[in-house]
Every structure is written in structure tokens, then in C-alpha cells.
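S.K.: sequence below, structure please.
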Amino acid sequence: MGGEGRSLAGNGGGKPIGKPLSLVLFAENSMEWNVLLPARARSLGGKWKKLEHDGRGRKSGGRRWCCRLFFVFFNVMDEVTTETIGEIIVCMVTLMVALHNCLMHEALTIGVHRNRLPSRSYTLDFHEKRAHLKNLAYSNDSNCYNVLRMYRATFDRLCSMLDEIGGLKPTKHMLVDDKYFKAVLKAIIRLHRVLYKTPNPVLEDSTDPRWKWFKNCLGALDGTHIRIRVHKDDQTRFRNRKGDLTINVLGVCSQDAQFIYVLSGWEGSAANGRVLKSALDRPRGFKVPADRYYLVDVGYSNAEGFLAPYRGQRYHLNEWREGRHPTTPRECFNMRHSAARNVIERCFGMLKNRWAIMRSPSFYPVKTHNMIVIACCLLHNLIRRENVGDPLNDEAENLDPEPAEEHAEVDGPISTVETSESWTLFRENLAAQMFNEFRRGR
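M.R.: Numbers count the residues shown, from 1 in each chain. The predicted structure follows:
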């Protein structure tokens, strides 16, 4: 720390003896240092070196605080007299007293300026947070719906489920209804056993005009693309055929537009058939019971468990408007199939209309974004069950379905589900029944 050691006394021949002792002291505007230190050093009869350095400190209230840094070097000799030891002790005590005075002065000064600052709190206290949340969610149903997309009774039900099933417990300073993001996200996903819809087949005596033709059908499935942001090194995998960065989400829903199963995370470049194959291959993945099936679009193979429309025929509902009627059994089958399978399109439409994060890319990592998608689907189911009179439910009836991607099945038939003559014959017979009934009704 600068300066070579000098002997104070003893047998050194002018060379340093013993171990150097360094004292580093901080003070501000202390005249005591300039008076006491040289005097004590001279009383030791030795030579001393003092290095003084002015340094800038931190800002506080617009003032700059400066302190002087003193380096005092002593050599502690092998042999010293009792008088010398006494002088050293006196010097040390003097230094400690001066240091104490400087620190006390600094503390008092900081305290005075701190008292001048206005007292501000950058976090709401518990009662203020509760009052704010009460105004947002509990004041009336209109506010609650605008903020949370559900009514107060539904939100109350959700909080109870998160507490009892999701493991989200209130703490001393935070209740269940204002817990932080990731804890709530994980707790919602833990509700999947309760919130996912248990599929029920269409009964033989069903009178539903959309579903009565599809006995034992459990619902419909399809894929939808959710936009995301990813690192530039991964953009090729996530870029879909339209050029957008997306994840391909498989959704399976019941006849009443509640999700039965959701698989989120596949890259946007993946074909729908590949995503479905992945869901079927998982140990706890998507399962289709024997003698049951789901309606799928032309992006999937027509195989046992998955009833697809005829390719190359008119299919979408907007193609049957303006008085157009089917002229063949296959066209009639496609028309009936489209009317029923449209439920999954309405399901996706409600999901994206209700949650803005489903419509625009987020800045969350892909893993977190996948959890958000699943959580939104689970909340969709809760709202469908509990939110009586939800305006989005009525709006969804008029949504136009997304166009199917006829070329999407680029990986060939799904390996875990094989087509068969019996399944092809089942579709042909069903198409003939539909067309005969249609002609009799005209």
C-alpha cells in the first residue's frame, strides 16, 4: 500500500525489522487527524509516511459525500522498550476515538438527511392490496368479468379449488386470490383432474340435430397455432407454413365445448398428425376407448377412433350457405360432419377471445407459455360450467371455423391407429343413411 518500511529503533542497521502494521482509516473534515498523527509518530522517534487520498462517495439528497483516506504505516519491531509500547497503545486509542467520532458524525448527518426525505412506500401494504383487489374483483360482476373474464361466484369457486385441491395456501401477508404468477399457474394445472371434461358418448336416442348421427362419438379434436417468441436459433422449427412463429396445440373437446385433453408444446412446423401421434404414444397421454371415436378434419387419417370427412368434397359450413344442398352421400356426410366437428373450432374461438395472451405472442419462455395454454383451457372449462350467462358462449355460436389444411398430413398414416375395411365401410354406410334421410326430408 505504498512506502517502504523504516525502523523506529533497535538493531536493524536501517533495515526494516518485524512485521509492518497497516491502519486504514476513513474520516470527513477531521482536523484531529492532521494534529494527532504527526505528533504521535514523532513521539515514537521513527519516520512515518502518510498518504492522503480524496475519494468521492455516494450521493444522498443531491449532496456529494467525500472522505479522506489515511494510510499510516508502522513497523512493529522485535525489541521495543516499555515506553515505546505505551506510546503505541496511546496512539492506537487516539486513533480509535477519532474513528468513533467520525462515524458518529456521519451517522447523525445521514440520519438528518434521511428524515428530510418524504416517506414513500413502493409496495402496497396488506390492507391496501386487499382493498384494491376487492374493488377489481368483488365490487360487482361487471368489474370482475372485465378484469378476470369470470363472475364473482366463479372466481370464488376458483379460489376455493386452488386452496383445497391446488395446494395454494394463504400466507400472513398474501391470500389465495392475489398469489404470485408462477405459483398460481402451477396450482391451476394441478386442477386438471377436476377441470378436464370426462368424455361421454352420444347416446342412441340423442335428438341433438348436430350429434344424433354420430352414435358413440365422444367429441372432436383439432390443432390450433398459438404465436410465441423464440430465440433466432430456434425460429426455423417454430415457423409454420404461413411464416409465423407458433406452437401447434392439440385440443380435444366434448360435445358441449369443454376440453377433454390438451397437448401444448410442439413446434409450429409439426404436422397435426404428428402431434396426435405424440399424444397417443405418451404413457399418460390421450386415449380413445374401444368402440368410441372422435371427429377430425381432413388433416388427419380416417382410422379407427378418428372419423374424418371425405377429401375433395365440399366440407365447411360456409360452403353450404345460400341455399346450397348436398347432391351425393359423401357431400351429405361432409355437411353433417362439419356441423358437429365445428364445436372444436368454437372452443378455440372462445379460448382466444377470452384470453388475449392466446392471440398475441408473449415474452414468456416456451415451457412457461405451454403451461399458460393449458391453464387457460382449464379455466375455460370452469367458466363454461360456472359462468351462467357468459356472453362469449353466445358469440362462439357464430364463429367461422378456421380452414382445414388438407396437405397437413405429411407423415403418412398415424402408426398407432390403423385404417381398416370395417372402419371405411362404417363411414360409407353412415354417409348413405344421412343422404337417404336428407332426401326424405325435402
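
S.K.: next, count neighbours for Thr171.
M.R.: 8 (other CB atoms under 10 Å). Every residue, glycine included, has its C-beta placed from N, CA and C.

S.K.: that one should be in a helix, yeah?
M.R.: No - read with DSSP: H, G, I helix; E, B strand; the rest coil, Thr171 is coil and lies in no helix.

S.K.: for it, give me phi and psi.
M.R.: For Thr171, the backbone dihedrals (degrees, to the nearest 10) come out as phi -120, psi -180.

S.K.: per-residue confidence at it?
M.R.: Looking at Thr171, its pLDDT is 77.

S.K.: could you point out the helix or strand that follows the helix ranked longest in the chain?
M.R.: Assignment by DSSP state H gives helix 82-116 as the longest helix of the chain. Later in the chain than helix 82-116, the nearest helix or strand by DSSP states H and E is helix 126-133.

S.K.: so how far is that following helix from its chain's centroid?
M.R.: 24 Å (CA atoms, centre = their mean, to the nearest Å).

S.K.: what about the spatially most central residue of the chain, helix or strand, and which?
M.R.: For the chain, Thr368 is the residue whose C-alpha lies nearest the centre (CA atoms, centre = their mean; 4.4 Å). Here Thr368, judged by DSSP H and E, is contained in helix 366-386.

S.K.: export that helix to CSV, keeping only CA atoms.
M.R.: In CSV, the C-alpha atoms belonging to helix 366-386 read as follows (Å, rounded to 0.1, in the frame of the first residue of the first chain):
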residue,chain,number,x,y,z
VAL,A,366,-41.7,-21.8,-24.4
LYS,A,367,-42.1,-24.0,-21.3
THR,A,368,-43.9,-21.4,-19.3
HIS,A,369,-46.1,-20.5,-22.4
ASN,A,370,-47.1,-24.1,-22.7
MET,A,371,-48.3,-24.1,-19.1
ILE,A,372,-50.2,-20.9,-19.7
VAL,A,373,-52.1,-22.5,-22.7
ILE,A,374,-53.1,-25.5,-20.6
ALA,A,375,-54.1,-23.3,-17.7
CYS,A,376,-56.3,-21.1,-20.0
CYS,A,377,-58.0,-24.3,-21.3
LEU,A,378,-58.7,-25.4,-17.8
LEU,A,379,-60.1,-22.0,-16.8
HIS,A,380,-62.2,-22.2,-20.0
ASN,A,381,-63.8,-25.3,-18.7
LEU,A,382,-64.5,-23.8,-15.3
ILE,A,383,-66.1,-20.8,-16.9
ARG,A,384,-68.3,-23.0,-19.2
ARG,A,385,-69.6,-24.8,-16.1
GLU,A,386,-70.0,-22.0,-13.6
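
S.K.: may I see the buried residues of the strand or helix carrying Asn342?
M.R.: Under the criterion of DSSP H and E, Asn342 resides in helix 329-354. By neighbour count on 16 or more other CB atoms under 10 Å, the buried set for helix 329-354 is 329-338, 340-354.

S.K.: Arg274: neighbouring residues, count only.
M.R.: 20.

S.K.: to clarify, my last question referred to Ala183.
M.R.: Ala183: 16 neighbours (other CB under 10 Å).

S.K.: check Thr207 too.
M.R.: 7.

S.K.: can you count the residues close to Ile89?
M.R.: As a burial measure, Ile89 scores 10 neighbours (other CB under 10 Å).

S.K.: give me the pLDDT value at it.
M.R.: 80.

S.K.: quick one: it from Glu83, how far?
M.R.: 11 Å (CB to CB, to the nearest Å).

S.K.: try Phe259
M.R.: Counting by CB to CB, the gap from Phe259 to Glu83 is 92 Å.

S.K.: if we can go back for a sec, starting at the chain centroid, how far to the helix holding Thr368?
M.R.: With CA atoms, centre = their mean as the basis, the mean position of helix 366-386 lies at 12 Å from the chain mean.

S.K.: other SSEs contacting it?
M.R.: helix 152-164, helix 181-189, helix 192-195, strand 246-253, strand 259-267, helix 329-354 (3 or more CB pairs under 8 Å, 6 or more residues apart in numbering; DSSP states H and E).

S.K.: export the ones you listed to TSV and tack on distance to Arg321?
M.R.: Below are the helices and strands packed on helix 366-386 laid out as TSV (distance: least, CB to CB, whole Å):
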stretch	distance to Arg321
helix 152-164	35
helix 181-189	39
helix 192-195	36
strand 246-253	24
strand 259-267	29
helix 329-354	11
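
S.K.: adding distance to Lys134 and mean pLDDT as columns, could you present the ones you listed in JSON lines?
M.R.: Listed next are those as JSON lines, based on distance: least, CB to CB, whole Å; pLDDT from 0 to 100:
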{"stretch": "helix 152-164", "distance to Lys134": "11", "mean pLDDT": "93"}
{"stretch": "helix 181-189", "distance to Lys134": "18", "mean pLDDT": "92"}
{"stretch": "helix 192-195", "distance to Lys134": "26", "mean pLDDT": "96"}
{"stretch": "strand 246-253", "distance to Lys134": "35", "mean pLDDT": "97"}
{"stretch": "strand 259-267", "distance to Lys134": "31", "mean pLDDT": "96"}
{"stretch": "helix 329-354", "distance to Lys134": "23", "mean pLDDT": "94"}
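
S.K.: for Gln433, find the nearest of the ones you listed.
M.R.: In terms of CB to CB, the element of the helices and strands packed on helix 366-386 nearest to Gln433 is helix 329-354, at 8.7 Å.

S.K.: residues contacting Ser420?
M.R.: When contacts are counted by CB atoms under 8 Å, 6 or more residues apart in numbering, Ser420 touches Ala303, Glu304.

S.K.: 7 Å instead, please
M.R.: Glu304 (CB atoms under 7 Å, 6 or more residues apart in numbering).

S.K.: how confident was the prediction at it?
M.R.: Listed pLDDT for Ser420 reads 79.

S.K.: so, low pLDDT: which residues of the chain?
M.R.: 1-81, 84, 108-126, 173, 175-179, 394-417 (pLDDT under 70).

S.K.: now with 50?
M.R.: Residues of the chain that meet the criterion pLDDT under 50 lie in 1-78, 117, 120, 122, 401, 403-415.

S.K.: just the buried residues of the helix holding Thr368, please?
M.R.: Neighbour count says helix 366-386 has 366, 369-384, 386 buried, by 16+ other CB under 10 Å.
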